[in-house]
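# just to be clear, the model below is a prediction. Sequence and coordinates:
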Amino acid sequence: MKMKSIFSGLSAKLALALLAVGSLTSCYEKEEVDVKPEEPAIVPAYYIQGNVIEASTGKPLQAKVTVNGTAVNVNENGYYLTDDLKNAGTYTIVADMDGYIKSVRTQTILPSDKSQNLFTVDFALLTPSDAATEPDPKPEITQDVTNAALNQKDQLVEEIKSSVAAIPGLSKDAVDVTPSLNDDGEGTVEVVAPVEVSNQAVGDAYQAEVPYFSGFDSNIEKDKNYTKAATDGQLWLAAAAKYLGKSYGLTEKKQKVTLPGQANSTITGFKVTYVYKVEILSFNGI
């Protein structure tokens with residue numbers, strides 16, 4: 001009689017167990033995985049640069065430049081560069097300098113994916129003479145304008161009287177003034193100044209030194225505080241000077257005039273006549 005081994009069934013079970021274990025460990029085989037680091041996001045920077053020059057000559061101007069109200073450094077060559085503006089948007093750039101017309105420009109900056117973004121805004125500033133225009137063809141003459149012209153005429157006459165009274169032998173009260181003005185206050189003012197001459201020998205000529213005036217006067221307020229670096233008053237006066245071909249301000253000068261002598265006659269006096277033109281001029285509505 002054959003005996004069945006008690007281990008035959010156990011060996012089979014062990015084999016199955018080993019097989020199962022082998023199958024289980026195969027699920028944990030190592031795999032290679034590539035991991036790439038994330039790139040940092042680009043933070044764009046925005047800058048505005050430019051040059052400031054004088055329009056007529058091209059010379060650099062170390063003007064005051066502001067960007068959205070913040071002052072920007074301008075070097076001796078007229079060059080400026082902002083710090084990083086940080087954000088896109090619309091910026092207002094102003095160039096301002098005494099004796100020049102303020103210039104205002106805008107620059108719109110669109111969002112960008114570049115790290116550096118540079119925009120150029122240049123300025124060429126005008127002087128009042130550069131900006132001088134022809135007079136307005138049909139100025140509006142209001143009552144205020146007429147009154148101003150008449151008041152100016154009275155002021156001018158007093159100045160003339162004081163000046164011509166410096167002539168030796170002339171009394172200020174003796175000056176005769178004849179205005180010929182229309183209802184608007186335009187026209188002429190004639191000033192006659194009689195001058196007495198004393199201690200003159202019979203038949204001798206007489207040399208007189210007569211004052212006269214060059215230039216023009218105006219009731220425009222040159223230094224009135226307007227919004228421009230070059231005020232509206234300065235612009236008006238520059239335009240008037242160009243149109244009239246004369247400089248602003250009545251400058252007194254002297255002219256020597258010889259009055260010829262006559263036989264058996266003595267020069268006892270003479271008259272100096274001045275004729276001033278009064279005109280209303282309008283430039284750019286002023």
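Yep, that arrived.
# quick check: buried residues in stretch 179-186?
For stretch 179-186, a neighbour-count test (16 or more other C-beta atoms under 10 Å) marks 179, 184-186 as buried. Every residue, glycine included, has its C-beta placed from N, CA and C.
# state the pair within those that is farthest apart.
P179 and D184 (13.1 Å; C-beta to C-beta).
# residues contacting L259?
205-208, 267, 270 (C-beta atoms under 8 Å, 6 or more residues apart in numbering).
# repeat that for 10 Å
197, 200, 204-208, 267, 269-270 (C-beta atoms under 10 Å, 6 or more residues apart in numbering).
# which parts of the protein are helices?
In the chain, the segments counted as helices under DSSP state H are 8-25, 143-164, 232-244.
# residue nearest the middle of this protein, spatially speaking?
I101 (1.6 Å; C-alpha atoms, centre = their mean).
# where does pLDDT dip in the chain?
1-36, 39, 163-172, 221-230 (pLDDT under 70).
# could you check how far L250 is from D176?
20 Å (C-beta to C-beta, to the nearest Å).
# tell me how many other residues crowd the closest residue to G78 other than its chain neighbours.
Leaving aside its sequence neighbours, G78 sits nearest to P60 (C-beta to C-beta, 6 or more residues apart in numbering; 3.2 Å). P60: 16 surrounding residues under other C-beta atoms under 10 Å.
# more neighbours: which of L250 and D176?
Taking neighbours as other C-beta under 10 Å, L250 and D176 compare with L250 leading, 17 against 11.
# show me what contacts Q200?
Taking C-beta under 10 Å, 6+ apart, one finds 206, 259, 261, 265-269 in contact with Q200.
# do the same with V43
So V43 contacts 84, 86, 115 (C-beta under 10 Å, 6+ apart).
# who wins for most neighbours among those?
Among the contacts of V43, D84 has the most neighbours (other C-beta under 10 Å), with 12 neighbours.
# and that residue, how close does it get to P44?
9 Å.
# which residues touch I267?
197, 200-206, 208, 259-261.
# for it, which non-adjacent residue is spatially closest?
Nearest one to I267, counting by C-beta to C-beta, 6+ apart, is Y206 at 4.6 Å.
# that neighbour and S265 touch, don't they?
No: with contact defined as C-beta atoms under 10 Å, Y206 does not reach S265; the gap is 11.2 Å.
# who has more neighbours out of these two?
Y206 (18 against 11).
# relative to V192, how far out is that one?
Relative to V192, and taking C-beta to C-beta, Y206 is found at 18 Å.
# over to Q152?
20 Å.
# strands of the stretch 51-200 of the chain, residue ranges please.
Ranges of strands within the stretch 51-200 of the chain are 64-67, 70-72, 79-81, 89-96, 103-109, 116-120, 123-125, 176-181, 187-196, based on DSSP state E, counting those that start in this stretch.
# would CSV of those with distance to P137 be doable?
Output for those, formatted as CSV (distance: least, C-beta to C-beta, whole Å):
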stretch, distance to P137
strand 64-67, 36
strand 70-72, 42
strand 79-81, 40
strand 89-96, 32
strand 103-109, 27
strand 116-120, 39
strand 123-125, 28
strand 176-181, 22
strand 187-196, 20
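# so which of the ones you listed comes closest to Q49?
Here strand 79-81 is closest among those (C-beta to C-beta), at 4.5 Å.
# what does that closest one rub up against?
47-52, 60, 62-67, 71-75, 93, 95, 118, 121-123.
# narrow those to just the buried residues.
For the contacts of strand 79-81, buried by 16+ other C-beta under 10 Å: 48, 50-52, 60, 63-65, 67, 72, 74, 93, 95, 121, 123.
# quick one: which two of the residues you listed are the most distant?
P60 and V67 (18.9 Å).
# closest one of the contacts of I267 to A241?
A208 (30.6 Å).
# next, the contact list for the closest residue to the closest one other than its chain neighbours, please.
Using C-beta to C-beta, 6+ apart and skipping residues adjacent in sequence, the residue nearest A208 is V257, 5.0 Å away. Residues near V257 by C-beta under 10 Å, 6+ apart: 206-210, 270, 272.
# I am finished for the moment; much appreciated.
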